[in-house]
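[1] Give the three-dimensional model of this entry:
(2 chains)
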Amino acid sequence: MNAQPQALDPAQETVGTPFIDDPKISTRHVDVWYGDKQAIFDASLDVGNNEVVALIGPSGCGKSTWLRCLNRMNDTIDICRVEGELKLDGEDIYDRAMDPVLLRARVGMVFQKPNPFPKSIYDNVAYGPRLHGLARNRADMDEIVETSLRRAGLWDEVKDRLDAPGTGLSGGQQQRLCIARTIAVGPEVILMDEPASALDPIATAIIEELIDELRENYSIVIVTHSMQQAARVSQRTAYFHMGRIIEVGDTKQIFTNPRHQLTENYITGKFG
Amino acid sequence: MNNTDIVRQSLKRRYRKERRFRAYGMIAVATGFLFLGFLLTDIVTKALPAFSLTELRLDIPMDRESLGLAEDAEISEDTLRALPYSQIIKKSLRSLFPDIRKRKQKKLLYKLISSGAEFDLRDRLVAHPEWIDGPPQSLWLTADDDVDTWYKLDTQVSRIKPLQAELIQALETQDRIRTAFNTHFFTRSDSREPEMAGIRGALAGSFWTLLVTFVITLPIGVAAALYLEEFAPQNRLTDFIEVNINNLAAVPSIVFGLLGLAIFINFFGMPRSAPLVGGLVLTLMTLPTIIISARAAIKSIPPSIKEAAYGLGASKMQVVFHHVLPLSMPGILTGSIIGMAQALGETAPLLMIGMVAFIVEIPEGVLDSATVLPVQIYLWSDSPERAFSALTAATILVLLGFLATMNALAIFLRKHFERRW
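    I've put the predicted structure just below:
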C-alpha cells in the first residue's frame, strides 16, 4: 500500500489518447502555480461532446485544480497563475476577450459538498437564470425551474414544497438541487468536483444515474476518488499523478489494461 | 502493581483536580453575580425616591382680581402667561396660615413650595382658560426638594427649620400634602431645582447623537469591511490597515474627544455641544468595533456559497450583494448594536466637545446644544442637593435599561438569524 510513487521523468509524455477529434474543450501544455508552488505540469487533455471524462488520482495530484481552470474558478484565488492553452469551442478560455461571467454560464460546476443557497428551492434554481436574465416573465421562470428540477430527477420529490428552504433537503437531494441549479443556466459543459463524496451509496447511485442521463445533452468532466464510480459513469478516464496527466484512455481500457506502471499501481490499490 | 492499578490511582487524582477546577469556576461566577447583585440593589434602592415627588394642595382663587388680571382684559395665551404666578402662590400659602405674619416666617413658608411651581401653575392655567372667573381651583403643586426629602424619606434635613416642620405637619392634618409619581423626571430637562429636573433633554441628546453615529458608522463600517474582506488584495498595505484598525479600537476614548475638538470644532468650526459633533466623535470611536465585527461576520460566510454563486456566473459585485452581505447582515447588525451600546455609555469624549453644559432646552435637532445620558449622570452626581443623588441613580437605571435592551436585541438577532449551513 505504501509503496513510494516512482520518480517521474520530467519530460514524460502522457500515455494513451489525450487528444480527440472535434473536442468541446481542449487544453495544451497547461501549467498552474499557487504562488511559487507548481501544481500542474504540462497537462494536455481534450473533452469531447456528450461524453463523461473522469479524472482520478491520489489526493493533491492536481485534478481539481485542472478542473477549476476550465471555468476559471481559480481566478478567485489571488496567488493562482495559469499558463498554457485552454480552449472552449476553439475560443481561448483565458483570453482577455473571454468574460469569466459568460464562461461560467457556459461551463457550469457542481461542488464536492452540496452547497445550496440558504433560499427556497425555487429561488436556488431560479438564481442563475435571473442573473443572466434568461426568463422573460414568471411563467418562463416557472418552466425553467420545473425542467431543471425534472432533469435533475428532483421534481417529484419537491414539487409540493418549492418554497421550502433548499438547505432543509437531505444531502443527496441537495446535491441534485445543485445540479438542477447548474442546468438551469443552460451550460454546455458541467464540471463536477467529487459530487458524490459526501453522499450515502443510494444517493450516490441516483447521482450516477443522473450523470449518465445528462450526458445526452452536456459534456461532463467529473473528479472522483471512487474508481468504481469512474468506471460506472465515464467513457474516458485520465489519471493524474503529482500534477501530471500520466495516462488517458477509454475507461474500460484504463481499468482493465493500464499501460503505465503508476496507473496500474493506483487502480490496483498499491498506493493512493 | 499492574497498569490498571496505576491508572486507577491516577484517575482519582485527575477527578479530584476536575472537581476542584469546577469549584473554582463556580466561585468565580458567583462572585461576579454577587457584585452585580450588589450594584443593582444599591442603584435601585437609591433610585426609587426619584420616581415620586411630594406635592402640596393649594387653593387658587380664579377671580380676576386675585389673579391680577384686569377686568376688561382679554383671556389669551399671552395674557395668561404674563400673570404674577409667584405672587398668586404666595398669597395662597399665606391664606392657609393666617397666623404667620413676620417676614422671616413668611420666607420660610414660601420655601415650602418649589420655585418651579409657578411654571407648573402657569402651564395648567394656559391649558384651562375656562377656569378664569370660575370657583377657586384646588391644585397639587410641586413641593420644594427639601420638603420632598424630609417628607418622603422621613429623615432629618438640616435645612428644614422647626417652624417648617410644624407647617408640614399642619398641612398633613389638612390632607394637603402627598407624594405622587414624578412625571417631571421624564418630561423635563435639566434644572437647578432637583424637583423640576428630568432626563428628557439628555434622552433627546442621546437619541440625536446616536442617530448621527449610526447613520455614519454603518455604511462606512460595512463598506470598509466588505472591501477589506472581499476586494482588497492581500498585501502589506492591507495588513497595515488591518493592524491599525485593531489599534484604533484600543485608543482611549478621550483621545477621540480631543481629536474631535481639534478637527470638527476648531478646524471645521462646527457648533460646540452639538449632537452632530458628538455623533462624529463617537463614530470615530465605534468604527473600529463595527469594522472588526462586520469582517468577522463576512468571514463566517462559508466559501462554498460564494463558489456556488461564482460557478453560476455571478460577478463579484453580485456575489457580494446577493449572498455575502445579506447573509452577514445579522452579524453586522449585532456588532453595530453592541457598538452603539458602547457609544451610548460613552462620556469622556463628549466632555471634550462641550456636551457637558447645563442645558435646559430639549434639543430638537443635531445642531442644538445638548447633553447625553451618561454626561447627565456625571453632572448630577456632582450636585450638592441630596435629591440629585436619587436622580443620578434613577438616570443610571434608565441608561442601564437602554443598554440591556440593546444587548438583548443583539442576542435575539444573533439567535434568530443564526444559520446552520
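
[2] for chain A, what are the nearby residues on the stretch 201-350 of chain B?
    Contact residues of the stretch 201-350 of chain B with respect to chain A, defined by CB under 8 Å from any CB of the partner chain, are listed as B:233-234, B:302, B:304-315, B:318, B:322-323, B:327. Backbone N, C-alpha and C define where each C-beta goes, glycine included.

[3] Hmm, B:Tyr151 and B:Thr179 touching each other?
    Yes. Judged on CB atoms under 8 Å, B:Thr179 makes contact with B:Tyr151 at a distance of 7.2 Å.

[4] Settle it for me: which of the two has more neighbours?
    When B:Thr179 and B:Tyr151 are compared for neighbours, B:Tyr151 comes out ahead with 22 against 15, by other CB atoms under 10 Å in any protein chain shown.

[5] Next up, the contacts around the more buried one.
    By CB atoms under 8 Å, 6 or more residues apart in numbering or on different chains, the contact list for B:Tyr151 reads B:Thr54, B:Ala143, B:Ile168, B:Ile177, B:Thr179.

[6] Try it again at 6 Å.
    B:Tyr151 is in contact with B:Thr54, counting by CB atoms under 6 Å, 6 or more residues apart in numbering or on different chains.

[7] Now it: which helix or strand?
    If you go by DSSP states H and E, B:Tyr151 is part of helix B:145-153.

[8] circling back to that earlier point, shared neighbours of B:Thr179 and B:Tyr151, anything?
    B:Thr54.

[9] Flag every residue of the stretch 151-272 of chain A that's near chain B.
    A:Val185 (CB under 6 Å from any CB of the partner chain).

[10] So which residues of the stretch 151-272 of chain A form helices?
    Listed in chain order, the helices found in the stretch 151-272 of chain A under DSSP state H, counting those that start in this stretch are A:155-158, A:171-184, A:201-214, A:227-233, A:251-256, A:261-267.

[11] Just the CA coordinates for the fourth one, please, in CSV.
    Backbone C-alpha positions of helix A:227-233 (Å, rounded to 0.1, in the frame of the first residue of the first chain) are rendered in CSV as follows:
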residue,chain,number,x,y,z
MET,A,227,-12.6,4.2,-9.1
GLN,A,228,-15.9,2.2,-9.3
GLN,A,229,-17.7,5.4,-9.9
ALA,A,230,-15.3,6.4,-12.6
ALA,A,231,-15.7,3.0,-14.2
ARG,A,232,-19.5,3.3,-14.0
VAL,A,233,-20.2,6.8,-15.3
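
[12] how much distance is there from that helix to the middle of the chain?
    The chain centre lies 14 Å from the centre of helix A:227-233; the measure is CA atoms, centre = their mean, to the nearest Å.

[13] Could you list every helix and strand that that helix packs against?
    In this structure, helix A:227-233 packs against strand A:52-56, helix A:201-214, with contacts taken as 3 or more CB pairs under 6 Å, 6 or more residues apart in numbering or on different chains; DSSP states H and E.

[14] Is the residue nearest to B:Leu409 when sequence neighbours are not counted in a helix, a strand, or coil?
    Once its chain neighbours are removed from consideration, B:Leu409 has its nearest residue in B:Ile337; the separation is 5.8 Å (CB to CB, 6 or more residues apart in numbering or on different chains). Local secondary structure at B:Ile337 is given as helix here, using DSSP: H, G, I helix; E, B strand; the rest coil.

[15] surely B:Ile337 meets B:Met406?
    Yes. Under the criterion of CB atoms under 6 Å, B:Ile337 makes contact with B:Met406 at 5.3 Å.

[16] got the buried residues for the helix or strand B:Glu65 falls within?
    Remark: B:Glu65 resides in helix B:64-67, with elements defined by DSSP H and E. With burial defined by 16 or more other CB atoms under 10 Å in any protein chain shown, the residues of helix B:64-67 counted as buried are B:Leu67.

[17] Now do it, average pLDDT.
    Per-residue pLDDT values over helix B:64-67 give a mean of 85.

[18] what residues does it touch?
    Applying CB under 6 Å, 6+ apart, the contact partners of helix B:64-67 are B:Glu71, B:Leu83.

[19] Next: stretch B:195-214.
    With contact meaning CB under 6 Å, 6+ apart, stretch B:195-214 is reached by B:53, B:114, B:116, B:142, B:145, B:148, B:184-185, B:187-191, B:275-276, B:278-279, B:282-283, B:286, B:340, B:343, B:359, B:362-363, B:366, B:370-373, B:376, B:395.

[20] In helices, which of these fall?
    With helices taken from DSSP state H, the overlap with those comprises B:145, B:148, B:184-185, B:187, B:275-276, B:278-279, B:282-283, B:286, B:340, B:343, B:373, B:376, B:395.

[21] Which strands or helices does the longest helix seen in chain B pack on?
    The single longest helix within chain B, with elements called by DSSP H, is helix B:3-47. Using 3+ CB pairs under 6 Å, 6+ apart as the contact definition, the elements that helix B:3-47 packs against are helix B:386-417.

[22] Could I get the buried residue list for the helix it packs on?
    Buried residues in helix B:386-417, counting neighbours by 16+ other CB under 10 Å, are found at B:386-400, B:402-403, B:406, B:409-410, B:413-414.

[23] Could you do stretch B:298-308 as well?
    Of the residues in stretch B:298-308, those scored as buried under the neighbour-count criterion (16+ other CB under 10 Å) are B:Ile298, B:Ile301, B:Ser304, B:Ile305, B:Lys306, B:Glu307, B:Ala308.

[24] Can you lay out those residues as TSV showing secondary structure, distance to A:Leu199 and pLDDT?
    Written out in TSV, the entries for those read as follows (DSSP: H, G, I helix; E, B strand; the rest coil; distance: CB to CB, whole Å; pLDDT from 0 to 100):
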residue	secondary structure	distance to A:Leu199	pLDDT
B:Ile298	helix	30	93
B:Ile301	coil	24	90
B:Ser304	helix	15	90
B:Ile305	helix	19	91
B:Lys306	helix	22	91
B:Glu307	helix	18	90
B:Ala308	helix	17	92
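
[25] where in the stretch 101-250 of chain B is pLDDT low?
    B:154, B:157 (pLDDT under 70).
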